[in-house]
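J.: One predicted model, sequence on top.
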Amino acid sequence: MASRTFPLTLPTALLCSGCTGWQSALDPHAIQAARLEHLIWLFVAVCTVIWVTVTVVLVVALLRRRTPSTHNDTRMTRVVSAAVVATAVIITGLTIVSFNATRGMGSSDANALEIRVRGYQWWWEVTYLDARADQVFTTANELHLPVGRTVHLQLAAADVIHSFWVPNLTGKQDLIPGRDNTLSFTPGEIGVYRGQCAEFCGLQHAHMALLVIVESAGSFEHWRRGQLGPAATPRGAEEKTGKAVFENKACASCHNIQGSSASGTVGPDLTHLASRRYIASGLLQTNRGSIAAWVADPQTLKPGNNMPRVTLDASELNALSAYLASLQ
Amino acid sequence: MMRIIGILVLSLFLLEGCARESRSFRLDPPIAASLNAVAPMPNRIGGAPPDTDTVLGQPYVTNAYNLNQGKQLYTWFNCKGCHADGGGVTGPAFLDGWWRYGAQAVSVFISIRDGRPHGMPAFGNHLTTEQIWQLTGYVRTIGAYSAKTAAPSRNDEMQSRPSENRAPATVAVPSDEWPAAPSR
């Protein structure tokens, strides 16, 4: 018996491992995601019961010996009517439940943290908005959120349609060029969650990930203050050379580093590049080696992205990677 | 039966429609370097394009992806700031099809890379050779007299001129005479 069940337990275990983790709709860490999870399970349960019932009826009907009878018409009418009524009731019920679950999802409150997320091929620009201009800052591919505080996202797109989806926290919402969408949710638990673009947006759609770091209000405030400041001053000759390379080569025409002369707006803001966990939208972990590899040949690591290979000699690349890795 | 086979065989030709233009994302460094080696005339107007460009089949004229990248760069690097949407403001227009330094690709390439007197800045340090070629290809489509087979995608915003893959709109030649009044 054990040998017979074993082949079944392995795939089942593998399936269940997909239910938890940092990118799963079945492991909710926000009220909005929990509502959706209840909805998913309700639909699965109702549909399973219906499917099993229909299958059983079908099997019974196939196996039953046919008896010639002519008095079953009334009974048949009753059965069919009951089935039609049941279908109508179930579908209406599911529609109402689904409507109720999604209705409250867009609600916001006055104290919400206002963030603008703009989708690009293939990365996310994240701007923390504030009524005061000196409190606004821009980062990329990483959202830091204080736990328990509602966040209100303004979703925009620069080129094609993208979709914001962090399954542990909330449902999907499209980012559409020329039409701003909004999305609100309240992260309920400290943790690191992964999101992904959920609308096919081109060649590197699969490499368009987003990290959401939900932290305590204190450490969020600490992070926010760090992001508001200018970039770290280069220490040592190598980092200083790296800064000069960045400012004088093509890097500066697309990227912005606050506190340097580089002020491009085409590519991600690199002011605090090294404080982010990943580069190139979740492609590589941030460290000096991966930064150097990326700069040396971005089109091999992520073909089709908009970063060109800028010709640098070995010492320039070395200095540049040292400088970029120092931008905490 | 023969008819069905015939239809099937003919419909195989439809598969040809699935062929897609190939995009080159990564130029090998030696090729990029050789594309930078243009040979302009001493007055920096006109000249020979790099042999590599010819060998590759003029990818910055015939490849729609490159033209499209050029179009993106046109916006990103604020060419619009001086040349507008091809109409020209402080910089010369492209739409009229008249080129101050000649219509040849090499002239346009040199204008972008090294700059020109009276305000055109040099972009040699801000763009890679490939990007300058993409931009060159795109700029030359703006004032084209005839429609091209390769073209960038259409603008999302409102356009002040016919899109690049169209021949220019025919302009009625102004006449000295008033048009005849419509007969009643």
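T.: Nice, I can see it.

J.: which residue is nearest the centroid of chain A?
T.: The centre of chain A sits closest to A:Gly195, judged by CA atoms, centre = their mean, with a distance of 2.0 Å.

J.: does that one sit in a helix, a strand or a coil?
T.: Secondary structure, DSSP: H, G, I helix; E, B strand; the rest coil: A:Gly195 is strand.

J.: where does the nearest residue to it once chain neighbours are set aside land on pLDDT?
T.: Spatial nearest neighbour of A:Gly195, excluding adjacent residues (CB to CB, 6 or more residues apart in numbering or on different chains): A:Val166 at 3.5 Å. Heads up, the C-betas are built off the backbone N, CA and C, glycines and all. Model confidence at A:Val166, given as pLDDT, is 95.

J.: Surely A:Val166 and A:Tyr193 touch.
T.: Yes. The criterion here is CB atoms under 8 Å, and A:Val166 meets it with A:Tyr193 at 5.4 Å.

J.: Touching both of these two, which residues are there?
T.: A:23, A:212 (CB atoms under 8 Å, 6 or more residues apart in numbering or on different chains).

J.: Just checking: what are the partner strands of the host helix or strand of A:His144?
T.: Assigning secondary structure by DSSP states H and E places A:His144 in strand A:142-146. Using DSSP bridges, strand A:142-146 pairs in its sheet with strand A:209-215 (parallel).

J.: Let me see the residues that make contact with the strand it pairs with.
T.: A:29, A:124, A:141-147, A:164, A:166, A:169, A:187, A:189-197, A:223, A:276-278, A:281-283.

J.: Go again with 7 Å.
T.: By CB atoms under 7 Å, 6 or more residues apart in numbering or on different chains, the residues outside strand A:209-215 that reach it are A:124, A:141-147, A:166, A:169, A:187, A:189-196, A:277-278, A:281-282.

J.: any idea where the strands of the stretch 101-250 of chain A begin and end?
T.: Counting by DSSP state E, counting those that start in this stretch, one finds strands in the stretch 101-250 of chain A at the ranges A:113-120, A:123-128, A:137-140, A:142-146, A:151-157, A:162-165, A:173-175, A:181-185, A:191-197, A:209-215.

J.: Highest mean neighbour count out of those?
T.: For those, the largest average neighbour count (mean count of other CB atoms under 10 Å in any protein chain shown) is found in strand A:162-165, namely a mean of 24.

J.: Adding distance to A:Thr271, write the strands of the stretch 101-250 of chain A out as TSV.
T.: Below are those laid out as TSV (distance: least, CB to CB, whole Å):
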stretch	distance to A:Thr271
strand A:113-120	17
strand A:123-128	13
strand A:137-140	8
strand A:142-146	13
strand A:151-157	21
strand A:162-165	23
strand A:173-175	23
strand A:181-185	26
strand A:191-197	22
strand A:209-215	17
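
J.: Looking at B:Ala144 now. What's its pLDDT?
T.: So B:Ala144 comes in at 68 (pLDDT).

J.: hmm, I was thinking of B:Trp99
T.: B:Trp99 is given a pLDDT of 87.

J.: check contacts around the residue in the stretch 101-250 of chain A that chain B sits nearest to.
T.: Chain B sits closest to A:Ala250 of the stretch 101-250 of chain A, with a gap of 5.5 Å, by CB to the nearest CB. By CB under 7 Å, 6+ apart, the residues touching A:Ala250 are A:310, B:125-128.

J.: Please apply the same query to A:His144.
T.: Applying CB under 7 Å, 6+ apart to A:His144 gives the contacts A:213, A:215, A:220, A:223.

J.: Distance-wise, check it relative to A:Tyr193.
T.: Separation of A:His144 from A:Tyr193 (CB to CB, to the nearest Å): 12 Å.

J.: what about the closest residue to B:Leu95 other than its chain neighbours, helix or strand, and which?
T.: Distances taken as CB to CB, 6+ apart place B:Gly86 nearest to B:Leu95, at 4.3 Å, with adjacent residues excluded. Using DSSP H and E, B:Gly86 sits in no helix or strand.

J.: can you check A:Ser321 too?
T.: helix A:314-325.

J.: Flag the shaky bits of chain B, pLDDT-wise.
T.: B:144-147, B:165-184 (pLDDT under 70).

J.: go with 50
T.: B:172 (pLDDT under 50).

J.: Could I get the full set of helices for it?
T.: Assigned by DSSP state H, the helices in chain B fall at B:2-12, B:29-36, B:51-55, B:59-62, B:64-76, B:80-83, B:105-114, B:129-142.

J.: Check which helices and strands the fourth one sits against.
T.: It refers to helix B:59-62. Applying 3 or more CB pairs under 7 Å, 6 or more residues apart in numbering or on different chains; DSSP states H and E, one finds that helix B:59-62 contacts helix B:129-142.

J.: and what of the fifth one?
T.: For helix B:64-76, the helices and strands in contact under the criterion 3+ CB pairs under 7 Å, 6+ apart are helix B:129-142.

J.: One more: the third one?
T.: Of the remaining helices and strands, those touching helix B:51-55 by 3+ CB pairs under 7 Å, 6+ apart are helix B:29-36.

J.: what sits up against the helix it packs on?
T.: Where contact means CB under 7 Å, 6+ apart, the residues beyond helix B:29-36 that reach it are A:311, B:50, B:52-53, B:129-130, B:133.
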